[in-house]
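Asker: Need a 3D model of the following:
(one chain, ligands or ions: 1)
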Amino acid sequence: MKHFCDIKQLDAHQLNALFELADTISKTPVSETKTWHHGKTAMGLFFENSTRTLMSFQLAAQRLGMDFSALNVAHSSTQKGETLKDTLLTLEAMGVDTFIVRHNENHIQEQMAEWLTSDAKIINAGDGTHQHPTQGLLDLYTIRSHKPNLASLKVSIIGDIKHSRVAGSLIDGLATLGNQNTWIHAPAPCLPESSRAQVAESMEQALTDADVVVMLRIQKERIQHLDTAVLNHWHENFGLNSNNIQWAKSDAIVMHPGPMNRGIEIESAVADGAQSVIWQQVKNGVLMRQAIMHHLLTQDPQGN
Ligand code: CP
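Answerer: Have a look, this model is predicted:
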């Protein structure tokens, strides 16, 4: 694997190997991991906003000993009409080893990988409504840390599934690991045309006996139009609260990729409650991003 654009690039064996690598990194002093890729350079190209992904990639790169910088897109020459390809080739010429790219166009990272002329790597930090593969990795890793037998779990993903690249990567990753009990629940305009997950008709059906509950925000930036009535009643109809969480198993974990819209898709009492692993997801994001960067940088130039 030369670049990481889609979680479907990884089979179950490769996913588990990355989780084991993250376990190893978690037990290795930062003073040691900082020697692993000293002198290499990572660069963030974020054409959409981010807090968690950009900052955790920065910390992950630095904890591997890499230099990290991020292009300030709003003040870059893309605003003067420079094409994405010329921007990439310009930065590649400066000797960047790993580009971490977030963009609103589906599959753009695969195109960017073809434009590169060196052995530089591309990692997808989110493309449109398609994939957010490192979020998928950290979500799976977090579930595994609480409930190791991922294939046997009921996982319910609730919210704006259609426009969520987080859902796309998580559903694909769960399927790769043999899970056939993944459910989605959303109002009709926020359901995808097709999915590998089963569609629940109600919150009760989605939540009953769930081992893992994943709440998603409404991706307003990707929705052309959503009925005001649906929006106004979102929390009532599709929000997780202290009452409906009781349909899930008593040891169910509650997840959210962030950013959260408290009081809409999730009540604060649940987000901050005993079943929430939301901050663990954030912590694991740094580890999993260290793992994927280390993995890519230790491949031979053909990605073997
Ligand atoms: N989960 C996630 O992608 O968050 P950011 O948009 O803050 O990076």
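Asker: Let me know the pLDDT of the residue of the stretch 151-300 of the chain found nearest the ligand.
Answerer: For the stretch 151-300 of the chain and the ligand, the shortest gap (Cβ to the nearest ligand atom) falls at P257, measuring 3.9 Å. (C-beta placed from N, C-alpha, C; glycine too.) P257 is assigned a predicted lDDT (pLDDT) of 98.
Asker: what's the nearest residue to it if we skip its chain neighbours?
Answerer: Among residues not flanking P257 along the chain, V166 sits closest, at 4.6 Å (Cβ to Cβ, 6 or more residues apart in numbering).
Asker: Next, the buried residues of stretch 115-133.
Answerer: Applying a neighbour-count criterion of 16 or more other Cβ atoms under 10 Å, one finds 116, 120-133 buried in stretch 115-133.
Asker: now, which of those sits nearest M293?
Answerer: The closest of those to M293 turns out to be I123 (Cβ to Cβ; 7.1 Å).
Asker: re the thing from before, where's the residue nearest to P257, which helix or strand?
Answerer: Using DSSP states H and E, V166 sits in helix 165-176.
Asker: Now do that helix: which elements does it pack against?
Answerer: For helix 165-176, the packing partners by 3 or more Cβ pairs under 8 Å, 6 or more residues apart in numbering; DSSP states H and E come out as helix 12-26, helix 133-146, strand 155-158, strand 182-185.
Asker: at 7 Å instead, please
Answerer: Packed against helix 165-176 by the contact rule (3 or more Cβ pairs under 7 Å, 6 or more residues apart in numbering; DSSP states H and E) you find helix 12-26, helix 133-146, strand 155-158.
Asker: between that helix and helix 133-146, how many degrees?
Answerer: For helix 165-176 against helix 133-146, the angle by axes from the mean of the first three to the mean of the last three Cα atoms, to 10 degrees is 50 degrees.
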